[in-house]
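**Student:** could you work out the structure for the sequence below:
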Amino acid sequence: MKVSPSGIALLPLLLFVALFFGAGVYFTHRGEPNGFYILHAPVAIIPALALGAWWARRRGVDAGRALYAGMGDANIMLMCLIFLLAGGFAAVSRAIGAVDAVVALGVGHLSPSLILPGLFVMAALISLATGSSMSTLAALGPIALGIAEAAGISPALGVASAVGGAMFGDNLSVISDTTIAATRTQGAEMKDKFRENFKIALPAAVLTIVLLALQPGAAQPPAAGTSVAASAWLVLPYALVLLLAVLGVNVLIVLGFGIIAAGVIGALYASNGYGAEEWMNDIWTGFSGMSEIVLLSILVGGLAGLTRASGGLAWISQKIAHLARGKSGQRSGELGIAGLSAATDVFIANNTVAILVSGPLARDIAVQHGVSPRRAASILDIYSCVVQGLIPWGAQILLAASQSGQSPLEIAGKVWYCWLLGLIALGFMLWPRRVAAA
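**Tutor:** Prediction:
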């Protein structure tokens, strides 16, 4: 049964955000050192799920079916597997001393002022080559955290630098799921979309690198006590994982191989020895550390399923299309596509799926307002990337938060690349001479 659009269907997600963010602000203001961890996100989302299910039933929707379909979505299950394997790899690597070895080598050979820009550039290159921000962060996240802590840099800023670089590469890569989805839905060529994106993404990346290099914390020397005697062989698991990721091997295979390689390298080169029993226990420790993010991902998927089935996404599409059609001109069309892409990703929390959902309507807006396919594809991809890199319930931020032990909100506020990308793209759309010359 087709359900008519409904703005009320968006209230459950707004309730979740209000509870999670509001509780964090309240407890932090009260003086709690970890205010945003007192009300955990999987608990905060329960009232939102109840409200979403109630409204779905009121609209004649099978709430259970919509909830289970969203929770069991293939993209959600893939994310959960990535989270678990990333946790296992990080735990084993940390246990054998691989993080210490990377930190000793990286901090010892890199100028302190270039540590944060280096993390951003490294993540950007890996993500550009692999087309996946998630596999990039799964491999690079523990390294970014270790180097940041050893250099006396804010862990949240260090990990956020890697998130920004990963989103840069994901947005530009010609093999990225988002690029493929954006170009196919808009009828654009990949090379044309890349050129449009590059003109906007490059200034944002350069500004991000400059800002990261100017950070006061980046000039501090490595923290005392950093191990410099760790065997260089312990770096090998990370090197193998990064190599396989760049070669385009499936992320699940990459992380599974990384767990095995880390165990073997640990058994051969770890200073205190490393046996099969410790290896199995550390894998489980890594899995356990990801339990909150896995649970939240499944519940967010269920909430998205309820929102979609109750007409929430259709309401967003309808309103943005109405606003875009109410005004003539290329600029209005581009702004409409940007708003559609951003709003859809806020409620779906998956940039590829958001592009696929909003793509057909974005194509209609582009045709009506004279927006070229390459620009429509570029804007669609850019704003899904901007939002995905900033929402605290998005997979990239959740993975980074789980790896670093930092608040998702704190990391989101420090992903400067996504903030700059959104502002520069907006200025690009509003620049009168650019529209006139189009």
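
**Student:** if I pick L295, what's in contact with it?
**Tutor:** By Cβ atoms under 8 Å, 6 or more residues apart in numbering, the contact set of L295 is P42. Bear in mind the C-beta positions are built from the backbone N, C-alpha and C, glycine included.

**Student:** can you pull out the helices in the stretch 201-350 of the chain?
**Tutor:** 236-246, 251-269, 276-289, 291-309, 312-325, 330-348 (DSSP state H, counting those that start in this stretch).

**Student:** what's the closest of the ones you listed to I411?
**Tutor:** Within the helices of the stretch 201-350 of the chain, the stretch nearest I411 is helix 291-309; the backing value is 12.7 Å (Cβ to Cβ).

**Student:** using PDB, list the CA coordinates for that closest one.
**Tutor:** Provided in PDB are the C-alpha atoms of helix 291-309 (Å, rounded to 0.1, in the frame of the first residue of the first chain):
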ATOM      1  CA  SER A 291      28.900  -3.900  20.200                       C
ATOM      2  CA  GLU A 292      27.500  -0.400  20.700                       C
ATOM      3  CA  ILE A 293      28.100   0.800  17.200                       C
ATOM      4  CA  VAL A 294      26.700  -2.500  15.700                       C
ATOM      5  CA  LEU A 295      23.600  -2.200  17.800                       C
ATOM      6  CA  LEU A 296      23.100   1.400  16.900                       C
ATOM      7  CA  SER A 297      23.600   0.800  13.200                       C
ATOM      8  CA  ILE A 298      20.900  -1.900  13.300                       C
ATOM      9  CA  LEU A 299      18.500   0.300  15.200                       C
ATOM     10  CA  VAL A 300      19.200   3.400  13.000                       C
ATOM     11  CA  GLY A 301      18.400   1.100  10.000                       C
ATOM     12  CA  GLY A 302      15.100   0.200  11.500                       C
ATOM     13  CA  LEU A 303      14.300   3.800  12.200                       C
ATOM     14  CA  ALA A 304      15.100   4.700   8.600                       C
ATOM     15  CA  GLY A 305      12.800   1.900   7.400                       C
ATOM     16  CA  LEU A 306       9.900   3.200   9.500                       C
ATOM     17  CA  THR A 307      10.500   6.800   8.300                       C
ATOM     18  CA  ARG A 308      10.600   5.700   4.700                       C
ATOM     19  CA  ALA A 309       7.500   3.500   5.000                       C
END
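
**Student:** which ones are touching the nearest residue to L426 once chain neighbours are set aside?
**Tutor:** Spatial nearest neighbour of L426, excluding adjacent residues (Cβ to Cβ, 6 or more residues apart in numbering): A338 at 7.4 Å. A338 sits next to 379, 382-383, 425-426, 429 when contact means Cβ under 8 Å, 6+ apart.

**Student:** off-centre distance for stretch 357-370?
**Tutor:** 25 Å (Cα atoms, centre = their mean, to the nearest Å).

**Student:** same check on stretch 9-20?
**Tutor:** 20 Å.

**Student:** list the buried residues in it.
**Tutor:** 9-13, 15-17, 19-20 (16 or more other Cβ atoms under 10 Å).

**Student:** got the contact list for the one residue sitting closest to the centre of the chain?
**Tutor:** Per Cα atoms, centre = their mean, the C-alpha nearest to the average position across the chain is that of Q396, at 2.4 Å. If a contact means Cβ under 8 Å, 6+ apart, then Q396 has 133-134, 137, 163, 166-167, 388-389 as its contacts.

**Student:** what do you get if the cut-off is 6 Å, keeping everything else the same?
**Tutor:** 133, 163 (Cβ atoms under 6 Å, 6 or more residues apart in numbering).

**Student:** distance of it relative to Y383?
**Tutor:** From Q396 over to Y383 the distance is 15 Å, taken as Cβ to Cβ, to the nearest Å.

**Student:** who's in contact with stretch 80-89?
**Tutor:** With Cβ under 6 Å, 6+ apart, stretch 80-89 has contacts from 134, 138, 251-252, 255, 258-259, 283, 286-287, 289-290, 293-294, 297.

**Student:** can you check stretch 165-176 too?
**Tutor:** 120, 123-124, 127-128, 131, 133, 136-137, 190, 197, 201, 205, 381, 385, 389, 417-418.

**Student:** repeat the analysis, applying 7 Å as the threshold.
**Tutor:** 119-128, 131-133, 136-137, 178-179, 190, 194, 197-198, 201, 205, 381-382, 385, 389, 396, 417-418 (Cβ atoms under 7 Å, 6 or more residues apart in numbering).

**Student:** so which of the residues you listed belong to strands?
**Tutor:** Assigned to strands by DSSP state E, none of the contacts of stretch 165-176 qualify.

**Student:** next, format the helices of the stretch 201-350 of the chain as a markdown table and append distance to I153 and mean pLDDT.
**Tutor:** Listed next are the helices of the stretch 201-350 of the chain as a markdown table, based on distance: least, Cβ to Cβ, whole Å; pLDDT from 0 to 100:
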| stretch | distance to I153 | mean pLDDT |
| --- | --- | --- |
| helix 236-246 | 19 | 78 |
| helix 251-269 | 25 | 88 |
| helix 276-289 | 22 | 91 |
| helix 291-309 | 23 | 86 |
| helix 312-325 | 38 | 76 |
| helix 330-348 | 29 | 86 |
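
**Student:** including distance to I365, could those go into JSON lines?
**Tutor:** As requested, the helices of the stretch 201-350 of the chain are exported to JSON lines (distance: least, Cβ to Cβ, whole Å):
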{"stretch": "helix 236-246", "distance to I365": "36"}
{"stretch": "helix 251-269", "distance to I365": "33"}
{"stretch": "helix 276-289", "distance to I365": "43"}
{"stretch": "helix 291-309", "distance to I365": "20"}
{"stretch": "helix 312-325", "distance to I365": "5"}
{"stretch": "helix 330-348", "distance to I365": "5"}
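
**Student:** which one, of those helices, ends up nearest to W54?
**Tutor:** Comparing those by Cβ to Cβ, helix 291-309 comes nearest, at 9.7 Å.

**Student:** about what we covered before: just the buried members of the contacts of stretch 165-176?
**Tutor:** Buried, going by 16+ other Cβ under 10 Å: 119-128, 131-133, 136-137, 178-179, 190, 194, 197, 201, 205, 381-382, 385, 389, 396, 417-418, out of these.
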